[in-house]
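# sharing a model prediction with you, sequence too.
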Amino acid sequence: MRKTVVIVGAGFSGTVLAVNLLRRGTVQGTDIVLIERSGAMGRGVAYAERDFPYLLNVPAARLSADSREPLQFLHYARSRLPNVDAEDFLPRALYGDYLQEMLRKAERNAPAQIRLLRVFGEVTGILTSGGGAPVSAQFADRAPIAGDAVVLALGIPPAALPEWAEELRGHAAYRQDPWNLPTLTERQSVLIVGNGLTMADVSSAFSRHADRVPTLHTVSRRGLIPKPQTTFRADAVRGSGEALLASTDSVRKLLRECRAMVRQVEQLGGDWREVIAFIRNLAPALWRRLPESERRRFVRHLHIHWDTHRHRLPPLLSARIEALRRSGKLRINAGRIERVTARDHQLQVSWRPRGRDLCATLTVDLVVNATGPNYAIARSADPLLKSLRQAGLVSADPLNLGIRTDRFGVCLDARGQASRHLYYLGPMLRADHLDATAAAEIRDHAEQLAAHLAGEARP
């Protein structure tokens with residue numbers, strides 16, 4: 001009998017999984033059902049075609065979606081833009097083109113018994129009948145699609161709606177979606193809530209026209225912004241990481257060991273980013289070894305510092321941010337928003353600067369939520385995630401980092417039991433791996449899951 005694998009989500013995660021399944025022939029044959037709720041397959045939110053050319057934050061030579069061909073994306077980019085360098089940071093929409101071409105090529109070259117079925121629609125729930133029976137993807141407006149396995153490839157979750165924004169729904173001066181920005185003038189002002197990569201994207205988009213850049217304010221709890229990228233050797237630091245692995249009884253000891261590695265590398269003329277690349281590869285093993293009390297300590301005190309060093313800005317974008325700061329057009333703040341009140345067409349923001357008791361007031365023409373992904377599924381507004389939680393099919397980790405999974409992304413239910421048919425693939429694997437948001441990391445998980453689903457499981 002034929003096997004059916006249903007993939008919910010056709011962004012990076014779902015597309016790369018489908019590509020890997022298409023390459024694997026099985027005796028009985030496989031139907032791969034790839035479901036996308038909106039937009040084009042192979043793009044998702046990250047690589048959508050937009051009016052502004054948002055940049056990738058990893059150079060072209062390190063973005064292959066196929067571990068067998070490390071320079072695959074670079075070669076594709078050069079077929080479109082002949083002068084591309086290995087260290088260039090290219091438009092995200094081009095990466096979406098690349099993923100779409102990967103999918104088309106894999107479909108053309110797939111064995112005769114492997115079929116790809118594209119479906120556009122929104123999955124509202126997953127039905128399991130127990131007793132080893134298949135699972136079904138449920139829709140509001142069409143018949144269910146049954147499968148032997150369902151993979152949730154839901155992509156990066158959107159930002160949560162802050163409490164202070166509850167009464168701003170529908171107000172023209174508030175944007176919950178940071179990719180839906182109005183055109184403003186140099187006489188207007190914006191508050192960007194968040195200081196991460198999304199803040200940099202929003203600031204860059206508003207500064208595209210040098211003669212009409214609005215005044216940009218930002219606020220986040222600590223006021224930390226991502227570090228800039230440089231040209232460095234990602235594989236410069238080698239070894240087993242024994243000293244790091246031996247320090248996992250204490251976050252303090254682990255941090256001390258990391259700093260010692262950085263000092264040693266920099267004394268030899270290296271770059272601290274080389275150490276981050278080395279630690280990144282060890283992150284899942286380090287995370288699993290840390291006691292839960294130390295994990296909590298890491299999330300409370302160090303996670304933001306890891307993120308600002310780990311997820312860095314392309315040089316061009318970093319330079320633009322610095323130029324905006326020097327000109328006074330961008331003002332980075334640390335603090336917490338207390339209240340936002342509508343004042344005709346503007347918004348009045350009451351916020352408490354970090355380390356102060358008294359609130360400050362700021363009146364702006366636009367507030368943009370750039371707080372980044374909401375990985376706390378207990379607070380997710382996504383109808384499918386809410387349905388899965390209510391049915392007890394998925395569960396959150398104690399630190400609200402994502403979805404609890406077992407080997408190969410098997411979902412753990414509310415009782416901690418591993419599902420026989422439901423899998424998760426994407427950035428919320430960070431609940432068990434700490435880092436699972438980069439293309440290379442998700443690519444590796446996709447390859448392992450595809451091998452498992454095809455009966456070729458590997459460690």
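Everything's here; your move. Computed from a predicted model, the values in this text were never measured in an experiment.
# give me phi/psi at residue 330?
Note on residue 330: its backbone torsions stand at phi -120, psi 120 [degrees, to the nearest 10].
# so which residues of the stretch 1-150 of the chain form helices?
Under the criterion DSSP state H, counting those that start in this stretch, the stretch 1-150 of the chain contains helices at 12-22, 72-80, 92-109.
# just the buried positions in stretch 42-51, please.
Across stretch 42-51, burial judged by 16 or more other C-beta atoms under 10 Å covers 42, 43, 44, 45, 46, 47, 48. Bear in mind the C-beta positions are built from the backbone N, C-alpha and C, glycine included.
# likewise for stretch 136-145?
In stretch 136-145, counting by 16+ other C-beta under 10 Å, buried: 136, 137, 138, 139, 145.
# any chance of JSON lines for those, columns pLDDT and distance to residue 127?
Formatted as JSON lines, the buried residues of stretch 136-145 follow (pLDDT from 0 to 100; distance: C-beta to C-beta, whole Å):
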{"residue": "136", "pLDDT": "94", "distance to residue 127": "4"}
{"residue": "137", "pLDDT": "95", "distance to residue 127": "8"}
{"residue": "138", "pLDDT": "95", "distance to residue 127": "6"}
{"residue": "139", "pLDDT": "95", "distance to residue 127": "11"}
{"residue": "145", "pLDDT": "94", "distance to residue 127": "10"}
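# all helices of the stretch 201-350 of the chain, in order?
242-245, 251-267, 272-289, 292-301, 303-310, 315-327.
# how about the shortest one as CSV, C-alpha atoms only?
Output of helix 242-245 as CSV, limited to C-alpha atoms (Å, rounded to 0.1, in the frame of the first residue of the first chain):
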residue,chain,number,x,y,z
GLU,A,242,35.3,18.5,26.1
ALA,A,243,35.9,21.5,28.4
LEU,A,244,32.5,23.0,27.5
LEU,A,245,30.7,19.7,28.0
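# need the contact partners of it.
With contact meaning C-beta atoms under 8 Å, 6 or more residues apart in numbering, helix 242-245 is reached by 254, 257, 258, 261, 279, 282, 285, 286, 289.
# and if you look at the fifth one?
Applying C-beta under 8 Å, 6+ apart, the contact partners of helix 303-310 are 196, 221-222, 224-227, 272-273, 276, 280, 298, 435.
# buried among those residues? Make that a ChimeraX selection.
Buried members of those, defined by 16+ other C-beta under 10 Å, are picked up in ChimeraX with:
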select :196,224,225,226,227,272,273,276,280,298,435
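# sort the contacts of helix 303-310 by pLDDT and name the bottom one.
Ranked by pLDDT, the contacts of helix 303-310 bottom out at residue 435, which scores 88.
# mind listing what it touches?
Contacts here follow C-beta under 8 Å, 6+ apart; on that basis residue 435 touches 280, 283, 284, 310, 441.
# was I right to think the second one contacts residue 434?
Yes - under the criterion of C-beta atoms under 8 Å, residue 283 lies in contact with residue 434, with a separation of 4.7 Å.
# out of the two, which sits in the more crowded spot?
More neighbours surround residue 434 than the other of residue 283 and residue 434, with 24 against 19 (other C-beta atoms under 10 Å).
# count of neighbours near the residue nearest to the more buried one when sequence neighbours are not counted?
Closest residue to residue 434 apart from its sequence neighbours, by C-beta to C-beta, 6 or more residues apart in numbering: residue 287 at 3.9 Å. Counted by other C-beta under 10 Å, the residues lying close to residue 287 total 19.
# same question for residue 352.
Residue 352 sits with 15 neighbouring residues when counted by other C-beta under 10 Å.
# now it: phi and psi?
Per-residue torsions, residue 352: phi -110, psi 110 (degrees, to the nearest 10).
# now do the one 3 residues further on
Backbone torsions for residue 355, taken as degrees, to the nearest 10, come to phi 80, psi 0.
# which residues does it contact?
Taking C-beta under 8 Å, 6+ apart, one finds nothing in contact with residue 355.
# related to what we said a few turns ago, reformat the contacts of helix 303-310 as a markdown table; add distance to residue 369.
Output for the contacts of helix 303-310, formatted as a markdown table (distance: C-beta to C-beta, whole Å):
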| residue | distance to residue 369 |
| --- | --- |
| 196 | 12 |
| 221 | 15 |
| 222 | 18 |
| 224 | 18 |
| 225 | 17 |
| 226 | 18 |
| 227 | 23 |
| 272 | 31 |
| 273 | 29 |
| 276 | 28 |
| 280 | 28 |
| 298 | 26 |
| 435 | 24 |
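# just the closest of the contacts of helix 303-310 to residue 163, please.
residue 221 (14.6 Å; C-beta to C-beta).
# is it true that the residue nearest to residue 434 touches residue 433?
Yes - between residue 287 and residue 433 there is a contact at 6.5 Å, judged by C-beta under 8 Å.
# got any ranges where the stretch 101-250 of the chain has weak pLDDT?
Applying pLDDT under 70 to the stretch 101-250 of the chain flags residues 130-133.
# can you rerun that using 50?
By pLDDT under 50, the weakly predicted segments of the stretch 101-250 of the chain are 131-132.
# do a quick rundown of the strands in it.
Secondary structure of the stretch 101-250 of the chain by DSSP state E, counting those that start in this stretch: the strands cover 114-120, 123-128, 135-139, 145-147, 149-152, 174-175, 189-193, 215-220.
# deepest-packed of the ones you listed, please.
Stretch with highest mean neighbour count among those: strand 149-152 (a mean of 27; mean count of other C-beta atoms under 10 Å).
# what pairs with that strand, parallel or antiparallel?
strand 3-8 (parallel), strand 418-424 (parallel) (DSSP bridges).
# distance from the longest one to the middle of the chain?
Taking the mean of its C-alpha atoms, strand 418-424 sits 22 Å from the chain's own mean (C-alpha atoms, centre = their mean, to the nearest Å).
# pull out the buried positions in that strand.
Applying a neighbour-count criterion of 16+ other C-beta under 10 Å, one finds 419, 421, 422, 423, 424 buried in strand 418-424.
# farthest pair within the residues you listed?
It's 421 and 424 that sit farthest apart of those, by C-beta to C-beta, at 12.2 Å.
# quick one: mean pLDDT for whichever strand or helix holds residue 447?
Here residue 447, judged by DSSP states H and E, is contained in helix 439-453. Mean pLDDT, helix 439-453: 95.
# go through it and flag the buried ones.
Buried residues in helix 439-453, counting neighbours by 16+ other C-beta under 10 Å, are found at 439-443, 445-453.
# just checking, what packs against that helix?
helix 12-22, strand 149-152 (3 or more C-beta pairs under 8 Å, 6 or more residues apart in numbering; DSSP states H and E).
# in TSV, list those along with distance to residue 368.
Shown next, in TSV, are the helices and strands packed on helix 439-453 (distance: least, C-beta to C-beta, whole Å):
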stretch	distance to residue 368
helix 12-22	24
strand 149-152	29
